[in-house]
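Participant: sequence first, then the predicted structure:
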Amino acid sequence: MRRMLRALGLLVLIMLGANPALALPAPMSDADLLSKSDLVALVRVLSVTCTAITHDDFSKQDIANYSANVELIEVIKGDVAKGGEVNITFHEIPKGLLGPWSVFYYPGEMVWTHLVKEGDDYTTTWWNGRGEVVNKAVITKLPTTPGETVGIKRLRGEHPSHD
C-alpha cells in the first residue's frame with residue numbers, strides 16, 4: 001500500500017512539473033481571426049524558399065525557416081489587390097512538442113488564410129488561421145538548405161499585367 005501511495009505521489013509530481021507552455025493554446029474564433037488579421041485571402045502558393053536554419057536551444061534541434069511566395073486569388077480583407085503577390089514567413093517546430101505551433105504552406109496549393117503584416121512580409125495570424133484547402137499541394141517536400149526554392153511553373157499568360 002505504501003509503495004502504491006509513493007508511486008501515485010510521484011506521478012502527481014511529474015504531472016505538476018509538466019511545462020504548461022507546451023500545451024496547445026485555444027483556437028481563435030472566426031470573428032477574432034478576421035478582426036486581428038491584416039489580410040484574409042484565398043492564396044495560391046507559387047514557391048517556398050528555405051531562408052535560414054536556426055538552432056533551438058530548448059529542444060537542441062535545428063529549425064528550418066521559410067518564405068512562401070503566394071498569389072492572391074480572392075481577397076476578403078486587406079490592402080493587397082486580387083492578383084497581387086505577398087510573402088508569408090513560417091518555420092518548422094521542434095519535433096516532439098505538442099500542438100501545431102507553425103502553419104506550413106506548400107507549392108501548388110490554394111488555401112484560405114488569415115495573415116498579419118510583419119515588416120514587408122506576412123505571417124499566419126494564429127495556428128488555426130490557415131483554413132480550407134481548395135486545391136491540394138503539388139509539392140509536399142520543402143527545401144532544407146538556405147537559399148533553396150521549390151515552386152510551381154506559372155503559365156506565361158497567367159500573371160496579371162502591371163500597368
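Facilitator: Thanks, I have the structure now. Worth saying up front: this structure is predicted, and the values here are computed from it rather than measured.

Participant: and stretch 46-66, how far out from the chain middle?
Facilitator: On the basis of C-alpha atoms, centre = their mean, to the nearest Å, stretch 46-66 sits 12 Å off its chain's mean C-alpha point.

Participant: now that stretch: buried residues?
Facilitator: Leu46, Ser47, Val48, Thr49, Cys50, Thr51, Ile63, Ala64, Asn65, Tyr66 (16 or more other C-beta atoms under 10 Å). Glycine gets a C-beta too; all of them are placed from N, C-alpha and C.

Participant: ok, now stretch 108-122?
Facilitator: By neighbour count, and taking 16+ other C-beta under 10 Å as the criterion, the buried residues in stretch 108-122 are Gly108, Glu109, Met110, Val111, Trp112, Thr113, His114, Leu115, Tyr122.

Participant: and if you look at stretch 74-82?
Facilitator: The neighbour-count criterion (16+ other C-beta under 10 Å) identifies Val75, Gly78, Val80 as the buried residues of stretch 74-82.

Participant: with just CA atoms, put it into CSV.
Facilitator: Included here for stretch 74-82 are C-alpha records, laid out as CSV according to Å, rounded to 0.1, in the frame of the first residue of the first chain:
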residue,chain,number,x,y,z
GLU,A,74,-9.6,36.3,-53.7
VAL,A,75,-9.3,39.0,-51.0
ILE,A,76,-11.8,39.4,-48.2
LYS,A,77,-9.8,41.8,-46.1
GLY,A,78,-6.6,43.8,-46.8
ASP,A,79,-4.8,46.4,-48.9
VAL,A,80,-3.3,44.0,-51.4
ALA,A,81,-5.4,43.6,-54.6
LYS,A,82,-6.5,40.3,-56.1
